[in-house]
Structures are given as structure tokens and as C-alpha cells.
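J.: Following is a predicted model, sequence given first.
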Amino acid sequence: MAVIELRAFGPVTVRIAGSEPPARLLWRKHLALLVYLALSPRRTRGRDQVIGLLWADKPEAAARHSLNEAVRVLRRAAGDDALQTAGGQLRLEQVDCDIDRFDALVRSASWVEAAALVEGDFVEGFSVPGAHAFEDWLSAERAKLRGRAVDALVRASETLLTAGRAAGAADAGQRAAGIDPLSDTAARAAMRALALTGERGLAIGCFRRLERDLAASLGSTPDPATIALAERIGSERPAPVPSRGADPASRRPPLVGRALPLSQLIGCWQGAVGRPAPALMVVEGEAGMGKSRLADEVAARARLAGAAVTVARAVEADGTQPWSGVLALAGRGLLEARGNGAAAPGALARLAEALPEWADRFPGARGAEGMNPGRAFTSVLRAAAEEQPVLLLVDDAQWLDRESLLTILAALRDLAALPLGVLLTVAPHVVPAALDEARARIGRDHPGCALRLEPLADAEISELARWALPGLDGDALERLVRRVSLDSAGLPLLTFELLHAVALGLELDPSASWPAPFRTLEETLPGDLPDSVVSAVRVAFNRLGAEARAVLCAAAVIGGRCTAAELVAGTGLPERAVTAALDGLEWGRWLESDVRGYGFVARVIGEVVNRDMVTPGQRRRLRPAHRDA
């Protein structure tokens, strides 16, 4: 007896013992019998029931003859024992059906694996004209399996997003929306994942299709939650459209090797919102280890869920500037949060005195006397968190001024029972005592988590290499992974730069070596980096447009945080050209921005640009321009 392999998700296919079945088995009613028995309880049905389903239009004798002929065809194809016919019953044996495996995976909550089996609607496109009872059964079964398939795809999308696999999540969400074009849940899964991959236009397109299909089919509109998600996606700044001849490998790689920390951080954030209660999340790691990227992933998910997110990137000079941290956090995210106008008038006035954008928003605020920025910030934060969840994100928090750090940590105590998350990234060995103490109290005095990021393992580097160079495999892939692992010491930043450069044509010299991995990029000058890493930065830099290169050179010479006005003065380019270049450089993760201006995502990249890409003439022109800006 041969095993019958039946694939019923998508167009129905049959194989017997690994081979194509006889053509007669694929006749409509013969195939319908096979599908019907495979999905029946215990794979068993009565003869009369099958006849009524498939041959009700024939006289009884002719109908029984047709059933016997179908049984004979099936037995001839798969063996006499493939179909048992005792006691007026038909029982199918030895069937490997994807629906059964799907059900088992769903029961074990293996959503990603279950979703992988969903290749389309149930027996997509199949019908048996004239067999009305079978068509009714098929419609009911299709509707039931469609709902279960969409649910599995949506859950798989959520699982993949939590693991940092936004591209896979987008694929699962889009497949769910394709199977059920009227499902708000499927549309939201697709929209959320597409937005997180930077495909904002596709996400809005998914919403527009749902809107159109619901109006045409049901005369209704999307759910309020779907509309709100579309509005949040639409309010985000669009990603630049890649120009013709863009890099063959995107500068936004998948989040490899960070699934566990990302899921822990998302769990802490969701706990803060669900309880609600403030939570502290601390991510520690060497420079280049991916702290900023991980924090950005959490922030992006919080924004899509409707939270107010405000971000500050601290630099070493901030430590000597009292209140610089809270003023940086009082940027766009907090300014635009719902409910901040309910803060104390003095708090609004104090922030309006320090920040022009707050003065524009609250021009009539009065009563700032005697209120320091910390109290003002806490008052506004309370008012915002009473209306919606709030996430405070500080990158390189070890450089925060003491006053700001204590204000942020005190909010965990003072804003009890409010949906507040505080996410801080820090470098090891320089964590302030107050933050170290607060981190030690996580789980005792307040919820949260403290994570330390480790270098990528070879298997994770291999996964990134397959993404960056999909045509590479076998020995060539292994050699590349060994070389990149040696030169990058497993740091995600350098791993990506090397793979990106190889995708653009960089040849790595297998005879070169770098046997002593550096301890931290903060303590390692570009001259100490392997030539392959420096070459990788050069290759990516030279692929940029002339205006983007000029802006990067200016940012490298100015150093630290620089404003758009300083970059306009330094480059001599029109403001519109600088703004467009900054958008592309920020999306490409060369630069990042906060309320104080722009800086390099990775300091070491800025140092390579400053040392190797800036000519002496450019340096002389840039420095006077910077002084005048």
C-alpha cells in the first residue's frame, strides 16, 4: 500500500509514493472522493452519504456503479488496502494530508510552521459542477479552513515581528489578506509588518484595498482600529524612494541574532501598557553591537500600537549640561502626545522658555517661576501618559546629565499605575551609579528587564550572508562567513558593513588576517580596524550621491550633533538638497536624528569618513563655515 500525499491548501495536488498519480484519479469526482474522505472524521464515510454527495443526479444503480469505479481507480493507484469498504463504510488509509499537519501545528501553537503550509485557499479553484451537495460541503469547509488559515497567518506574522523578522511577517500578513480580502485582522497584520519594513506605501495600499473591497462587498468600512493604524502609518515620514542603480543590498538588514532580546523588550513594554505600570528596560552592549537598532525596533512597534514615543541620543558632552537630557526628550514625540496640554501651566511655560517648538505650541503659557525643567518634564509626562502609553528612549544613556537621569528614574516611582516605558541603552563599564542601582532593583521595585548583547555567532553571520548574497552557497559561503567572522569579531555593525560591501563588489583578501579582535569600538580607532572593514565603509560611501557624500563629510568634520543649518553652511548646498540628503542618510542608517540635530549612527563610521573621505581642502572650507553657522 502506497502513501497518498494530498495537498489541499492552494490548488489541490496528489502524489502517490512520491510519483504522479494516474490521470483517471484526477478526474473531478474521483478527486472529490479522495478530498472528501481525507477530511472526514476518522477518514470514514458511509457509501450512501458519498453517493448522495457526488452522484445524486443518477439512478441508484448507476450511482453505485460510479462509486465502485471510483473505488477501483483509487485502489489501482495506491493499492488494494488504500481504501477499506467493510460494512457499507468507506475508510481511507495511509494519507499524508497537509490539513492534518496544519491542525497539529496549530494545536501546538507552532504558528510559523503552520503558516508555511498555507499556500492558498482550500482546494483553490476546484469544483464539481452538478454535484450541489458536494459544492455546499466544499463551500462550508472552505470558509472554515479560510478562517483558521488566516488566524494562523496573522499569529505567524505577530510571532515573526516579535522575533525581528519583519519581512517574513509582511509576507504572512499579505498572504492572510489575500486569502480573506475582507478581514480587518489580516489587513492590520500586513499593514503593521509592511510599515516596519519601510514599505509605508504598500501598507497604505493594503488599507485602501480593504476599504474598497468592504464597500463593494458589504457596504461597510474598516474597523476603527484599522483606520487608526492607517492614520498612524500615514503620519510617519515616508522613506526615500531608492534611485535607479541603488545598492544591491539594502542598508537595513534583517534583525538577525536578536530575536530573544527583542521579544523580552516587547514583552516588558506590553506589560507596562497592559498592567499598567512603569517599566525600566536597560540594554547593555559594546558600540556596534546593535543596541540602537534593537531600541529603534521596539520604538517602531510602540508607535504603530498608538504610543507616544520620544527619543534622545546622548553624547559625552551632555554630561556637563544640566537638564540637556530631559529637554532632548521633550521633542516631537512628547510635544505631539495627546493630553500634554493638561499639564500644569507652569510646566508648559518652562518648556516653552527652553524650546522654540514648545513656545510655538503653547504661546500663552505662564507661571514658570520656580519650576525646573525636571518638574516640568514630569508634569507633561504624567498628562501624556494619562491619555496614551508613553515610551521614553535614551540611546547611550551613560552620557546623560545627572539631573536628567534622576528625573527619568524618578518617573518610574512617581507615575505609578500609568503606561510608561523607559528604554535605556548603555555601554559597559561606564554605567552611572544611579542607573546601575535602578537596574539592580528591576523585578523588586519596578517591572522591567536588563539585557546584555553578545556578538553574533557564525550561524547568525551565515544567515546575514545568505540575505546579503542570496546566490552564494556551499564552500564559498563558508569561506566568506569565516572571513567576516574574523574581521568583525561578531559585531553586527561591522558584519553588515563587510557583507554589504561584498555585495557591492568588494574582494576580501583571504590571506589577510586580524587575529586580535578589538574589545570595543569606543576604544578602537579606525586605523586599528582591519583594512577590509575600512574598505567596506569606503565602498558604501562611494555608492552614495554627491550631495549625500558632501553632507556626510560635513557631519564628520563638525562631529557630535550638528543641525541642518550647520550642514547647509558647511556644504554650501541649498537647504532643500541637504534636507533630501539627510532623509536618505537617516533611512540608510548612516545618520540618526533627535531634537538637537544629526549624528552618525556608529561613531566609528564617522571617524572613517573623517579620516579617509574628507580632503584637506574640504576640511579647511568646512571648519570656517561651521564656526559661522
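T.: Good, I have the coordinates. Remember, it's a predicted structure, so these values are computed and weren't measured experimentally.
J.: just the helices in the stretch 501-629 of the chain please.
T.: 531-542, 546-558, 564-571, 575-587, 603-608, 616-628 (DSSP state H, counting those that start in this stretch).
J.: so what does the third one touch, helix or strand wise?
T.: Helix 564-571 sits against helix 546-558, helix 575-587, strand 597-600, helix 616-628, with contacts defined as 3 or more CB pairs under 8 Å, 6 or more residues apart in numbering; DSSP states H and E. Yep, even glycine has a C-beta here, placed from its N, CA and C like the rest.
J.: between the ones you listed, which gets nearest to residue 43?
T.: Residue 43 lies closest to helix 575-587 among these, at 53.8 Å (CB to CB).
J.: picking that back up, quick check: which of the helices and strands packed on helix 564-571 is nearest to residue 531?
T.: Comparing the helices and strands packed on helix 564-571 by their distance to residue 531 (CB to CB), the top pick is helix 546-558, with 19.6 Å.
J.: which residues sit against the closest one?
T.: 541-542, 544, 562, 566-567, 570-571, 573, 577-578, 580-582, 584-585, 590-591, 598-600, 606-607, 609-610, 613-614, 618-619, 622-623, 626 (CB atoms under 8 Å, 6 or more residues apart in numbering).
J.: Got a ChimeraX select line for the buried ones in the residues you listed?
T.: Applying 16 or more other CB atoms under 10 Å to these, the buried members can be selected in ChimeraX as follows:
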select :541,544,562,566,567,570,571,573,577,578,580,581,582,584,585,590,591,598,599,600,606,607,609,610,613,614,618,622,626
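J.: Roughly how far does the most centrally placed residue in the chain sit from residue 255?
T.: Nearest to the mean C-alpha position of the chain, counting by CA atoms, centre = their mean, stands residue 166 at 3.4 Å. Separation of residue 166 from residue 255 (CB to CB, to the nearest Å): 8 Å.
J.: Need the distance between the two termini of stretch 600-609.
T.: With CA to CA, to the nearest Å as the measure, stretch 600-609 spans 10 Å from end to end.
J.: Over to stretch 278-291?
T.: With CA to CA as the measure, what separates the two termini of stretch 278-291 is 21 Å.
J.: now that stretch: mean pLDDT?
T.: Here stretch 278-291 scores 91 as its mean pLDDT.
J.: same check, this time on stretch 105-121
T.: For stretch 105-121, the per-residue pLDDT averages 94.
J.: Buried residues of it, list them for me.
T.: Buried, per 16+ other CB under 10 Å, within stretch 105-121: 105-106, 110-112, 114-115, 117-118, 121.
J.: cool, and stretch 383-398?
T.: For stretch 383-398, by 16+ other CB under 10 Å, it's 383-386, 389-398.
J.: Could you identify which of the helices of the stretch 501-629 of the chain has the lowest mean pLDDT?
T.: When I compare the helices of the stretch 501-629 of the chain, helix 616-628 is least confident, with a mean of 65.
J.: circling back: so which of the buried residues of stretch 383-398 sit within helices?
T.: Among the buried residues of stretch 383-398, the members falling in helices (DSSP state H) are 383-385.
J.: sorry, back to before: export the buried residues of stretch 383-398 to JSON lines and tack on distance to residue 503 and pLDDT?
T.: Formatted as JSON lines, those follow (distance: CB to CB, whole Å; pLDDT from 0 to 100):
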{"residue": "383", "distance to residue 503": "48", "pLDDT": "95"}
{"residue": "384", "distance to residue 503": "43", "pLDDT": "95"}
{"residue": "385", "distance to residue 503": "44", "pLDDT": "96"}
{"residue": "386", "distance to residue 503": "48", "pLDDT": "95"}
{"residue": "389", "distance to residue 503": "39", "pLDDT": "96"}
{"residue": "390", "distance to residue 503": "39", "pLDDT": "96"}
{"residue": "391", "distance to residue 503": "34", "pLDDT": "97"}
{"residue": "392", "distance to residue 503": "36", "pLDDT": "96"}
{"residue": "393", "distance to residue 503": "31", "pLDDT": "96"}
{"residue": "394", "distance to residue 503": "33", "pLDDT": "95"}
{"residue": "395", "distance to residue 503": "27", "pLDDT": "92"}
{"residue": "396", "distance to residue 503": "29", "pLDDT": "91"}
{"residue": "397", "distance to residue 503": "34", "pLDDT": "94"}
{"residue": "398", "distance to residue 503": "34", "pLDDT": "93"}
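J.: From those residues, which land in strands?
T.: 390-395 (DSSP state E).
J.: quick check, nearest of those residues to residue 144?
T.: residue 391 (39.7 Å).
J.: from what I can see that closest one touches residue 385, true?
T.: No - the pair residue 391 and residue 385 does not pass the contact test of CB atoms under 8 Å, sitting 10.1 Å apart.
J.: Need the residues touching each of those two.
T.: With CB under 8 Å, 6+ apart, residue 391 and residue 385 have common neighbours residue 420.
J.: about what we covered before: for residue 472, find the nearest of the helices and strands packed on helix 564-571.
T.: helix 575-587 (26.3 Å).
J.: The residue nearest to the centre of the chain against residue 190, yeah?
T.: No - with contact defined as CB under 8 Å, residue 166 does not reach residue 190; the gap is 11.6 Å.
J.: For stretch 119-139, output the C-alpha coordinates as CSV.
T.: The C-alpha coordinates for stretch 119-139 follow below in CSV (Å, rounded to 0.1, in the frame of the first residue of the first chain):
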residue,chain,number,x,y,z
GLU,A,119,-0.3,28.1,0.1
GLY,A,120,-3.8,29.4,-0.7
ASP,A,121,-7.5,28.8,-0.2
PHE,A,122,-8.8,25.3,0.4
VAL,A,123,-8.6,23.3,-2.9
GLU,A,124,-8.4,26.6,-4.6
GLY,A,125,-10.3,26.7,-7.9
PHE,A,126,-11.7,23.2,-7.6
SER,A,127,-15.3,22.4,-8.1
VAL,A,128,-17.6,19.6,-9.3
PRO,A,129,-20.4,21.1,-11.5
GLY,A,130,-23.8,19.5,-10.9
ALA,A,131,-22.8,17.9,-7.5
HIS,A,132,-24.7,20.5,-5.5
ALA,A,133,-24.3,18.7,-2.2
PHE,A,134,-20.6,18.4,-2.6
GLU,A,135,-20.4,22.1,-3.6
ASP,A,136,-22.2,23.0,-0.4
TRP,A,137,-19.8,20.9,1.7
LEU,A,138,-16.9,22.4,-0.2
SER,A,139,-18.1,26.0,0.5
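J.: Confirm residue 227 sits in a strand?
T.: No - per DSSP: H, G, I helix; E, B strand; the rest coil, residue 227 lies outside any strand segment and is helix.
J.: which ones are touching it?
T.: residue 221.
J.: immediately after the longest helix that the chain contains, which helix or strand?
T.: When the chain is parsed with DSSP H, its longest helix is helix 132-162. Using DSSP states H and E, the next helix or strand after helix 132-162 towards the C-terminus is helix 166-179.
J.: residues making contact with that following helix?
T.: Residues contacting helix 166-179 (CB under 8 Å, 6+ apart): 112, 115, 118, 120-121, 146, 149-150, 153-154, 156-158, 160-161, 183, 185-187, 189-194, 196-197, 199, 206, 209-210, 254-255.
J.: That one - what's its average pLDDT?
T.: 94.
J.: From the chain's centroid, how far away is it?
T.: Distance of helix 166-179 from the chain centroid (CA atoms, centre = their mean, to the nearest Å) equals 12 Å.
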